[in-house]
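Enquirer: Below are the sequence and a predicted model for it; my questions follow.
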Amino acid sequence: MRNLIIILLLLSFALPKANAASRANVAPDAPKRVVVIDAGHGGVRPGKVHRDVVEKSYVLDVSKEVRKMLRTKMPDLQVYLSRSCDSAYHETQSADNRLRAEFCNKVGADLYVGIHANAHKDKTVNGCEVWVLTLNEKLMNQNKYVGAMYADDGDFINPEDIDRNSQSFMVALSRQLENEPYSRFFADECCKNMASYGLKNLGVKAGTVYTVLYYSECPGAIVELGYLTNDKDYAYLTSKNAKKEMATAVCNAIVTYFKTLDGGRDGDSKAEGTEQSEEASAGADAASAEELTEGYAIQLISSAKEVNTSDSQFKSYKGRVWLVMGSGSYKYKYCYGKYTSREAAKDDLAEARKSFKDAYVIKFRNGAVVNN
Ligand SMILES: [Zn+2]
């Protein structure tokens with residue numbers, strides 16, 4: 001134990017403070033804040049299934065709604081969905097969770113928000129709760145998530161399987177010590193907002209070591225919207241406005257989080273005259289030009305000669321279009337957005353086709369079209 005304390009002390013001096021510094025008030029020209037909304041499960045893993053509700057579909061709807069709301073309420077925020085269709089990251093649950101965390105780290109997220117719905121074998125259990133990561137030994141052993149099946153469930157890491165002397169644990173612990181107050185602030189806001197729609201507030205919970213939170217480098221939380229197995233929660237969650245209300249609760253917690261963090265550096269982005277229409281801000285989760293050298297984009301038009309990207313033919317995308325070089329006579333491909341997955345690009349394709357009916361998704365690497 002003494003060794004552990006010494007290593008931790010060393011780490012606290014040796015580790016760069018970039019994260020902490022970037023989480024304090026930032027300069028007006030600082031890069032955009034980034035949030036990842038992670039709709040739980042997907043593909044072969046449905047999550048909780050109760051009567052006609054399948055968790056993976058329910059939480060995807062809520063996640064998409066959160067993104068849509070954020071585009072209007074906080075247009076300066078870069079919003080990524082971990083998935084925008086019914087897909088999994090990996091066939092094994094543990095790898096799937098690690099890949100979600102890696103996605104979060106790759107896009108440089110400032111906040112991770114996992115969205116789930118709950119279930120319990122005791123049908124009287126109800127309410128909303130939000131989980132954060134702690135590696136406090138006492139909490140980990142006392143406050144396990146009731147649904148945790150440590151033996152075979154890759155959503156969680158069994159505390160007994162963690163080598164407390166490994167470097168990866170030291171890094172995770174150091175990160176958690178720094179991130180936990182931020183995660184708790186967001187989680188608490190989220191709980192209060194959800195409870196304002198009538199759900200019982202079960203509050204912020206910590207203890208279960210969620211795989212995705214363990215490997216994410218930024219503050220984050222797992223939002224559990226309510227218990228599908230409880231009649232009262234089920235009636236609410238399947239009511240007409242529930243998805244929109246839950247999305248509002250999460251969205252407002254994210255807005256409060258970033259505004260508190262940045263001391264209003266972006267002012268009131270909903271101020272009159274600055275609010276962007278959903279169409280104009282469509283593709284807000286497309287990364288900025290510097291961020292990705294490889295990925296997917298939406299090709300709006302191709303041309304035999306060079307065109308100014310601020311040309312009026314690009315309509316609402318004017319000034320936000322970038323050039324990808326292809327082959328053949330129409331080698332100038334004018335594209336919009338940079339996405340880390342084909343699915344994410346496809347999510348914005350319908351919007352692009354309203355103005356460019358032949359728009360489609362291409363893959364690029366270092367400014368050129370590639371086939372794979
Ligand atoms: Zn879930």
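Expert: Thanks, I have the structure now.
Enquirer: Skipping its backbone neighbours, what lies nearest Asp163 in space?
Expert: Using C-beta to C-beta, 6 or more residues apart in numbering and skipping residues adjacent in sequence, the residue nearest Asp163 is Phe169, 6.1 Å away. Where you see a C-beta, it was placed from the backbone N, CA and C, and this is true even at glycine.
Enquirer: and the one helix or strand the one you found maps to, what other elements does it pack with?
Expert: Secondary structure from DSSP states H and E places Phe169 in helix 167-195. If you count contacts as 3 or more C-beta pairs under 8 Å, 6 or more residues apart in numbering; DSSP states H and E, helix 167-195 packs onto helix 2-14, helix 18-23, strand 111-118, strand 128-132, strand 201-206, helix 211-215, strand 220-227, helix 242-261.
Enquirer: out of those, which comes closest to Leu323?
Expert: The closest of the helices and strands packed on helix 167-195 to Leu323 is helix 18-23. By C-beta to C-beta, the value is 30.9 Å.
Enquirer: Which SSE is immediately downstream of the closest one?
Expert: Helices and strands here follow DSSP H and E; after helix 18-23, the next one along the chain is strand 34-39.
Enquirer: Run a quick check on Thr293 versus Asn366, I expect a contact.
Expert: Yes - counting by C-beta atoms under 8 Å, Thr293 touches Asn366, with 5.5 Å between them.
Enquirer: circling back: in contact with the residue nearest to Asp163, which residues?
Expert: Going by C-beta atoms under 8 Å, 6 or more residues apart in numbering, Phe169 touches Leu135, Ile162, Asp163.
Enquirer: and what of Asp61?
Expert: Taking C-beta under 8 Å, 6+ apart as the test, what Asp61 contacts is Lys243.
Enquirer: Now do the same for it: helix, strand or coil?
Expert: The three-state label given to Asp61 by DSSP: H, G, I helix; E, B strand; the rest coil is helix.
Enquirer: gap between the residue of the chain found nearest the ion and Leu77?
Expert: Using C-beta to the ion, the closest approach of the chain to the ion is made by His116 at 3.3 Å. If you measure His116 against Leu77 using C-beta to C-beta, to the nearest Å, the figure is 22 Å.
Enquirer: how far off strand 34-39 does the helix holding Phe169 point, in degrees?
Expert: Angle of helix 167-195 versus strand 34-39, following axes from the mean of the first three to the mean of the last three C-alpha atoms, to 10 degrees, is 80 degrees.
Enquirer: List the buried residues in helix 167-195.
Expert: Using 16 or more other C-beta atoms under 10 Å as the test for burial, helix 167-195 gives 169-170, 172-176, 178-180, 182-195.
Enquirer: hang on, the earlier thing: so what pLDDT did the residue of the chain closest to the ion get?
Expert: As predicted, His116 sits at a pLDDT of 96.
Enquirer: With Asn105 instead?
Expert: On the pLDDT scale, Asn105 is placed at 94.
Enquirer: burial of it, as a residue count?
Expert: 15 (other C-beta atoms under 10 Å).
Enquirer: For it, give me its contacts.
Expert: Residues near Asn105 by C-beta under 8 Å, 6+ apart: Tyr215, Ser216, Glu217, Cys218.
Enquirer: Make CSV out of these and add neighbour count.
Expert: Formatted as CSV, the contacts of Asn105 follow (neighbours: other C-beta atoms under 10 Å):
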residue, neighbour count
Tyr215, 20
Ser216, 29
Glu217, 17
Cys218, 22
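Enquirer: Export those residues to TSV and append columns for distance to Val204 and pLDDT.
Expert: TSV is the format used below for the contacts of Asn105 (distance: C-beta to C-beta, whole Å; pLDDT from 0 to 100):
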residue	distance to Val204	pLDDT
Tyr215	21	94
Ser216	17	96
Glu217	21	96
Cys218	17	97
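Enquirer: List the buried residues of stretch 312-321.
Expert: For stretch 312-321, the neighbour count (16+ other C-beta under 10 Å) marks Phe314, Ser316, Tyr317, Arg320, Val321 as buried.
Enquirer: Could you tell me how far the second one is located from Ala345?
Expert: Plainly put, Ser316 is 17 Å away from Ala345 if you go by C-beta to C-beta.
Enquirer: How about the first one?
Expert: Distance of Phe314 to Ala345, given as C-beta to C-beta: 17 Å.
Enquirer: Kindly report the same for the fourth one.
Expert: If you measure Arg320 against Ala345 using C-beta to C-beta, the figure is 15 Å.
Enquirer: nearest residue to Leu111 other than its sequence neighbours?
Expert: Leaving out its chain neighbours, the residue that sits closest to Leu111 by C-beta to C-beta, 6+ apart is Val35, at 4.8 Å.
Enquirer: Could you do Lys318 as well?
Expert: Spatially, and ignoring its direct neighbours in sequence, Lys318 is nearest to Ser310 (5.6 Å; C-beta to C-beta, 6+ apart).
Enquirer: same thing with Leu133?
Expert: Closest to Leu133 by C-beta to C-beta, 6+ apart is Leu213, at 3.9 Å.
Enquirer: Would you agree the one you found is in contact with Ile222?
Expert: Yes - counting by C-beta under 8 Å, Leu213 touches Ile222, with 6.8 Å between them.
Enquirer: Give me the more crowded residue out of those two.
Expert: Between Leu213 and Ile222, counted using other C-beta under 10 Å, Leu213 has the larger neighbour count: 29 against 25.
Enquirer: Which residues are in contact with the more buried one?
Expert: Contacts for Leu213 (C-beta under 8 Å, 6+ apart) come out as Ala101, Tyr112, Gly114, Trp131, Val132, Leu133, Ser183, Gly220, Ala221, Ile222.
Enquirer: Thanks a lot, see you next time.
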